[in-house]
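Chemist: need a structure here:
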Amino acid sequence: MRNEVTRRDFLKRSSGAIAASTVILSGVDKAFAASSLNEGKGTIIDLTICDGCASKDTPECVLACRKKNENNFPKVDKSQLKPYWPQKKYEDWSDQQDNTNRLTPYNWTFIDQVTVEHEGNSEQVFVPRRCMHCDNPTCAGLCPFSAIEKDQNGAVIIHENQCMGGAKCRDVCPWDIPQRQAGVGIYMNIAPDYLGGGVMYKCDFCADLLAEGKQPACVTACPKDAISFGTKKEMKELAYKRAYEVSGYVYGDKENGGTATFYVSKVPFEKIDAAIKESKQESNDHNFGRPTMEVNAENKLDTLSGMALSAAIAPVAGIAAAGFAAYNKMKGNKENYEQNEKE
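Modeler: As a prediction, the model looks like this:
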């Protein structure tokens with residue numbers, strides 16, 4: 001059961017963003033990332049084995065993920081849905097909860113499918129997509145409210161009761177992984193007319209299962225054993241060994257500064273990335289929920305501009321906290337005044 005967070009809890013926690021920025025700039029979280037190479041968990045997704053559960057209407061890993069996380073999916077009161085000023089729209093997936101063809105707040109993993117020409121052959125490639133669980137997650141470093149953390153097992157987690165849905169995490173993720181649902185979250189209890197986009201949702205690596213020494217739901221559900229699980233160090237070594245066996249390629253080791261998710265393919269990932277982009281263009285599908293696979297994607301926290309941005313964002317939490325407090329005080333005064341008028 002998730003802990004409820006009060007306004008006071010939120011305002012207190014938001015001040016942690018300043019400390020988080022100091023950690024990033026001092027390199028401490030990079031040290032943690034380095035240590036997690038040996039202690040954290042990782043997976044290999046073998047694209048030479050995955051067939052997208054061709055005989056099934058929905059892939060088994062997707063079904064397992066949905067069943068495991070259904071109690072964590074957003075519960076929306078549609079009567080409360082509205083844009084917050086000055087926005088003119090909001091993101092609502094509550095009418096598409098059964099959509100399994102992309103990432104949504106109700107679907108944290110899906111299998112993409114593309115056809116790639118390679119060495120004179122036409123190859124059909126099935127690509128399971130979810131959070132990569134980066135070593136030095138850009139999303140955590142640039143969240144103004146410190147709502148994202150990387151735990152001791154390497155899982156990158158969004159704390160629902162602390163997230164304001166500002167989507168900074170999605171903006172800086174090379175794969176646009178986190179997806180937003182409006183009408184839920186702490187902003188609804190603070191100032192729903194003036195701030196907050198909802199809550200961001202994504203795969204959390206089944207962090208609760210990892211804490212119990214168990215494997216993620218997608219791993220145990222795969223009927224083809226296309227997903228391997230172990231320590232990140234083991235998975236990295238095994239990924240390169242497997243790539244050598246199939247004269248193939250590894251994805252996820254260098255991307256965004258390194259991740260806990262390693263893909264192995266006999267088709268170059270540049271071609272897979274190009275095929276995904278071409279498919280999206282042909283279908284006029286430019287949404288966030290179908291990630292591309294850019295090779296050697298850069299981690300923005302490793303750039304001067306990224307570090308400057310992280311330093312600039314951190315004080316936002318303090319400023320926002322003061323604003324929330326003022327809003328609540330004014331709202332309380334107004335409510336008291338209206339109550340006195342009635343009496």
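Chemist: Buried residues, stretch 232-239. List them.
Modeler: 232, 235-236, 238-239 (16 or more other CB atoms under 10 Å). All C-beta spots, glycine's among them, are computed from the backbone N, C-alpha and C.
Chemist: Looking at these, which one is closest to I148?
Modeler: Distance ranking of the buried residues of stretch 232-239 against I148, using CB to CB, places K232 first at 18.9 Å.
Chemist: and the closest one, how far is that from R129?
Modeler: 19 Å (CB to CB, to the nearest Å).
Chemist: How about L301?
Modeler: 22 Å.
Chemist: Then C203?
Modeler: 9 Å.
Chemist: intersection of neighbour lists for those two?
Modeler: T109 (CB atoms under 8 Å, 6 or more residues apart in numbering).
Chemist: Please confirm that Y240 is located within a strand.
Modeler: No: Y240 is assigned helix when assessed by DSSP: H, G, I helix; E, B strand; the rest coil, not a strand.
Chemist: these two touch, right, it and Y249?
Modeler: No: applying CB atoms under 8 Å as the test, Y240 and Y249 come out as separate, 10.0 Å apart.
Chemist: When those two are compared, which one has more neighbours?
Modeler: For Y240 and Y249, the more surrounded residue by other CB atoms under 10 Å is Y249, and the numbers stand at 19 against 15.
Chemist: is the more buried one in a bridge, and if so with what?
Modeler: Beta-bridge pairing for Y249 (DSSP bridges): S265.
Chemist: Then the one 10 residues further on?
Modeler: Bridge pairing for T259 (DSSP bridges) gives the partners C134.
Chemist: distance of it from P59?
Modeler: Separation of T259 from P59 (CB to CB): 21 Å.
Chemist: tell me the SS of I45?
Modeler: strand.
Chemist: Tell me which residues touch E294, please.
Modeler: 174, 255, 273.
Chemist: would you turn these into CSV with distance to K280, secondary structure and neighbour count?
Modeler: Shown next, in CSV, are the contacts of E294 (distance: CB to CB, whole Å; DSSP: H, G, I helix; E, B strand; the rest coil; neighbours: other CB atoms under 10 Å):
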residue, distance to K280, secondary structure, neighbour count
P174, 16, coil, 21
E255, 19, helix, 23
D273, 11, helix, 19
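Chemist: Make TSV from those and add distance to G289 and pLDDT to it.
Modeler: Putting the contacts of E294 into TSV (distance: CB to CB, whole Å; pLDDT from 0 to 100) gives the following:
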residue	distance to G289	pLDDT
P174	15	94
E255	19	97
D273	16	97
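Chemist: would you turn those into JSON lines with distance to C65?
Modeler: Listed next are these as JSON lines, based on distance: CB to CB, whole Å:
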{"residue": "P174", "distance to C65": "21"}
{"residue": "E255", "distance to C65": "22"}
{"residue": "D273", "distance to C65": "23"}
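Chemist: which among these gets closest to C222?
Modeler: E255 (22.4 Å).
Chemist: Return the distance of that closest one relative to F269.
Modeler: E255 is 9 Å from F269, by CB to CB.
Chemist: what do those two both touch?
Modeler: Common neighbours of E255 and F269 (CB under 8 Å, 6+ apart) are V295.
Chemist: what residue ranges in the chain score low on pLDDT?
Modeler: Along the chain, segments meeting pLDDT under 70 span 1-38, 285-286, 303-343.
Chemist: wait, P59 sits on G52?
Modeler: Yes: between P59 and G52 there is a contact at 5.7 Å, judged by CB under 8 Å.
Chemist: what residues are shared contacts of these two?
Modeler: Contacts common to P59 and G52, judged by CB under 8 Å, 6+ apart, are I111.
Chemist: so where do the helices sit in the stretch 101-250 of the chain?
Modeler: Ranges of helices within the stretch 101-250 of the chain are 138-141, 168-172, 207-211, 217-221, 232-245, based on DSSP state H, counting those that start in this stretch.
Chemist: a markdown table for the ones you listed, including distance to Q96?
Modeler: What follows is the helices of the stretch 101-250 of the chain, written out as a markdown table (distance: least, CB to CB, whole Å):
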| stretch | distance to Q96 |
| --- | --- |
| helix 138-141 | 23 |
| helix 168-172 | 18 |
| helix 207-211 | 26 |
| helix 217-221 | 21 |
| helix 232-245 | 33 |
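Chemist: Which among those is found nearest to Y194?
Modeler: helix 168-172 (17.9 Å).
Chemist: List of residues touching the closest one?
Modeler: The contact list for helix 168-172, computed with CB under 8 Å, 6+ apart, reads 138-140, 142-144, 148, 158, 176-180, 200, 288, 300, 306, 313.
Chemist: Please consider this matter closed, and thank you.
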